[in-house]
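Q: How does the following fold in three dimensions:
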Amino acid sequence: MSTDLFASRHIGIKESDLPTMLDVIGSNSVEELIAETIPEDIRLKKPLVLDNAMSEHEFLLHTNKLAAKNKIYKTYIGLGYHESITPSVIKRNILENPGWYTAYTPYQAEIAQGRLEALLNFQTMVCDLTAMELANASLLDESTAAAEAMTMLFDIRSREQKKNENTHFFVSEEVLPQTKALLKTRSEPLGIKLVIGDHQDFDFSEDFFGALLQYPGKYGQVSDYHSFVEKAKDKDIKVAVAADILSLTLLTPPGEMGVDVVVGTTQRFGIPLGYGGPHAAFFATKEAYKRNIPGRIIGVTKDTNGDFALRMALQTREQHIKRDKATSNICTAQVLLAVMAGAYAVYHGPDGLKKIAISIHEKTKSLAAGLSKIGFTSLNTAYFDTLEISVEDGQKLKEIAEDRNINFYFTEVGTVSISINETTSETDLAAIYHCFAELKKIEIPTPLTPADLEAIPQSLKRDSSFLENQVFNNYHSETELMRYLKKLERKDLALNHSMISLGSCTMKLNAATEMLPLSMAEWGNIHPFVPIEQAEGYQIILKELEKDLNTITGFAGTSLQPNSGAQGEYSGLMTIRAYHQSKGEEHRNICIIPASAVMAGMKVVVTKTDEKGNIDFKDLEEKVLIHSQNLAALMVTYPSTHGVFESSIISITSLIHKHGGMVYMDGANMNAQVGLTNPATIGADVCHLNLHKTFAIPHGGGGPGVGPICVVKELVPFLPGNPIIKTGGDMAISAISGAPWGSSLVCLISYGYIKMLGTWGLTRATEMAILNANYIKNRLNGSFDVLYTGEKGRAAHEMIIDCRSFKQKGIEVTDIAKRLMDYGFHAPTVSFPVAGTLMIEPTESESLAELDRFCEAMISIRLEIEAVEKNDINNPLKNAPHTLEMVTNDNWELPYSREKAAFPLPYVRENKFWPSVRRVDDAYGDRNLICTCAPIEAYAEA
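A: Below you'll find the model as predicted:
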């Protein structure tokens, strides 16, 4: 093994393993296997042209050098982004801890109780601070959360409003510019008419179904919305408020004003700026809308023993279950960041948060008083942390500030906006003051002193309590928080314990070297709206990543803006839509095969699949001919969701092009393509890539994700823009997410993955992913049937095993998933895309020993199924998972041994993972929906 090659560390299979594996597979070489898996007509004829692979040491030196090109100014731009302090105990124990960042979405609740508790803390924090009844477990960013609020309010219009076609949505001019841009993107395809104006002049016409307000406003003004909300209610106009969550420790929360939705970001709760993300947004609403709220909700339930347990509630709202009728998309969360924000609230507690807010507010008041003394007037009549100052020569002030390494925000109305944050010191305040003094040519300005001002009206001062739950009042020392976080971590099975073989989710190694730069201030402390020359290091990395993704996909342009695969899917369809409109073909609105097409204003036509799971070409051709004049796009996953490279793919894409449509490829399965084929070669026009799958960004328990789109040259002009920083094409569609380059910070990970693997490593990773999948397929042969294979009997990088026949013994696929926990494994993907099946994807980063352990577990479970008597509900599968408390209990009345329950194979003893609860009761939790921590009285009673 060449120890300086990153590929040898990332790829789990050794060269010496190949003969054994190929023998099991029945192939003479890796090259022969690939030839039998991928159709010859779509194979790349030449290797990818990428930079030579760096060693890990070289990469770290390289990123340090690039980091030095970023200029870390004191930045007071605000607009929803504020520098914050990440407590070291949170940084070390969550952000830098693979026990947290390598976990998967908590669909298997019994081995995710720690993450679920952390998210329940987050939801409780949001509900308390906003004074709303229900909150989700995070969304992607504030702007997309606001767009989700608009969409939800549109969907829940009264029958009368729908009948009267009330489609107008009011947006206060105080709303953040990036949010307005995103609302424009989302509203137009759905037929929602945005009206932007002064909330004080709003006429509450019956044409409106909803309104969005900002609290405080974009330049700091704090407005009293009590009267607005009352008048809106009289006209059945629902009100959403985008709120600064830290300000709500001092300001009357929107929930106490009677609003319907509160959204915002939790970035200032200890999350690095990261040049725009990732940051966890929040969405809080009334319990009446629990079936309409987007995103995941964590709820309280009980397990088989009747003990307290947590799980994701109301999953029947989700897209993979309800398709285009879903109210929740499974790719909408930023779990790792929500966990950090919740931990920040736990660490500081209510008093600590309030102290931080008061400190910021007092400093803002001191600055306002000081500036007033030297002749600068604040335009704000009430404020929390942001001042809008009238200046005659903004350009001169900008030059003075930048000479002192300071950034202000210069507004479109010729004023300057200054937002004070948690990191602002008295010295920083003096530096700001000196900038204005220099503009006035005052030699020695009066020192700043605490100001005796009332900047928050009495009517808007918060007098209600918050965060009274025990969890927010018990862990304020580093020792206590460290132990609490460790307690939660021990309840979760992540990649640092064993393989997570989730089909379509590609849970591969998230290398430490890729992750290290995330902890550096030079990458973490840059505001997304700083002048572009201050982010030279970022610009080099983002442009290089775009270039490399173009090379890998075979396309001409890339946008990194989408914050998830779902956003990427939406972005791709929106660029196709814009392209057709630019040609005067607005009528092209038919999308064949559904996903986010409805959101993009398209009509969905579904095609059949044949008995092998492939697209039924004859049926597709018939539907294309019917809709030829209006055909906009075909959506296709390749290789298919069934784990097969369809040989007719070029015929399919050619058919769509012949009838004027474009082809959108879902890049979920790109891990089977890199270096061997690509979307351009199969005839696609646009694809999204899941950087959190193929390109190694950690899933983080269900986010962060990044879903960039790569496009052909015809679509490059339409790549998404941003209202503040120039991005996208010459005819850019409006914003897809709030920040210009989306979650820039974690793009460093994918940049490192590509730069350290290089051409050979990336290609070899794909080959080993395909090899590993076929090895598992053949090892399980005789125990489980694989549902679909290619024409030569091969799987791609994943396969579906059929568990439906076990129902005759009363065994469901869920029982197999739960029993795998006793063997120390997270279940593969359950019942997707086919009910009653498991979709297995081992990835390239697992070793042969780990693959064998997994196969031995599956084969052992198959033997356990065989031993089950029909209708026998008292067996190891039905009782799984088995907890430590259950196995050590004096009372054991089961017909099998404790050893069989807990240590079914010898290897389990070496590294036993104990599920912390027995099987959870989903139905009970949905019937008795509780989505916040228990009140303090509950602990007292206990």
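Q: Show me the shaky parts of the stretch 251-400 of the chain.
A: 316-331 (pLDDT under 70).
Q: And the strands in it?
A: In the stretch 251-400 of the chain, the strands defined using DSSP state E, counting those that start in this stretch lie at 261-265, 281-285, 297-302, 308-313, 386-390.
Q: Please convert the ones you listed to a markdown table, extending it with mean neighbour count.
A: For the C-beta atoms, the positions are set from N, CA and C on the backbone; glycine is no exception. Output for the strands of the stretch 251-400 of the chain, formatted as a markdown table (neighbours: other CB atoms under 10 Å):
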| stretch | mean neighbour count |
| --- | --- |
| strand 261-265 | 29 |
| strand 281-285 | 30 |
| strand 297-302 | 22 |
| strand 308-313 | 22 |
| strand 386-390 | 23 |
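Q: Now do the same contact list for T551.
A: Neighbour list for T551: 48-50 [criterion: CB atoms under 8 Å, 6 or more residues apart in numbering].
Q: and the gap between L367 and I873?
A: The gap separating L367 from I873 is 69 Å, by CB to CB, to the nearest Å.
Q: repeat for F529
A: Distance, F529 to I873, by CB to CB: 60 Å.
Q: between the two, who's got more neighbours?
A: Neighbour comparison, F529 and I873: the larger count goes to F529, with 24 against 10 (by other CB atoms under 10 Å).
Q: From I725, how far out is the more buried one?
A: In terms of CB to CB, F529 sits 6 Å off from I725.
Q: Give me the common contacts of those two.
A: Contact criterion CB under 8 Å, 6+ apart; residues shared by F529 and I725: P740.
Q: which regions of the protein sit below the pLDDT cut-off?
A: Judged by pLDDT under 70, the chain has its weakly predicted residues at 1-2, 316-331, 444-445, 594-599, 936-942.
Q: so of the contacts of T551, which ones are in strands?
A: Among these, no member falls in strands (DSSP state E).
Q: These, buried ones only, as a ChimeraX selection?
A: Buried residues among the contacts of T551 (16 or more other CB atoms under 10 Å), as a ChimeraX selection:
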select :48,50
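Q: Let me know the closest of the contacts of T551 to I576.
A: Using CB to CB, L48 comes nearest to I576 of these, at 26.1 Å.
Q: residues in contact with the closest one?
A: L48 neighbours (CB under 8 Å, 6+ apart): 551-552, 674-675, 759, 762-763.
Q: nearest residue to it other than its sequence neighbours?
A: The shortest distance from L48 to any non-neighbouring residue, by CB to CB, 6 or more residues apart in numbering, is to T759 (4.7 Å).
Q: count of residues packed around that neighbour?
A: When counting by other CB under 10 Å, one arrives at 18 neighbours for T759.
Q: now do S227
A: Counted with other CB under 10 Å, the neighbours of S227 add up to 12.
Q: cool, and E533?
A: 10.
Q: quick one: which of the strands of the stretch 251-400 of the chain is nearest G782?
A: Proximity to G782 (CB to CB) singles out strand 308-313 among the strands of the stretch 251-400 of the chain, at 34.6 Å.
Q: Tell me the strands beside that closest one, with direction?
A: Applying DSSP bridges to the sheet, strand 308-313 is found paired with strand 297-302 (antiparallel).
Q: what's the angle between the partner strand and strand 281-285?
A: On the basis of axes from the mean of the first three to the mean of the last three CA atoms, to 10 degrees, strand 297-302 is oriented at 60 degrees to strand 281-285.
Q: ok now strand 297-302, how far from the chain's centre?
A: A distance of 21 Å separates the centroid of the chain from that of strand 297-302, by CA atoms, centre = their mean, to the nearest Å.
Q: Understood, closing this out.
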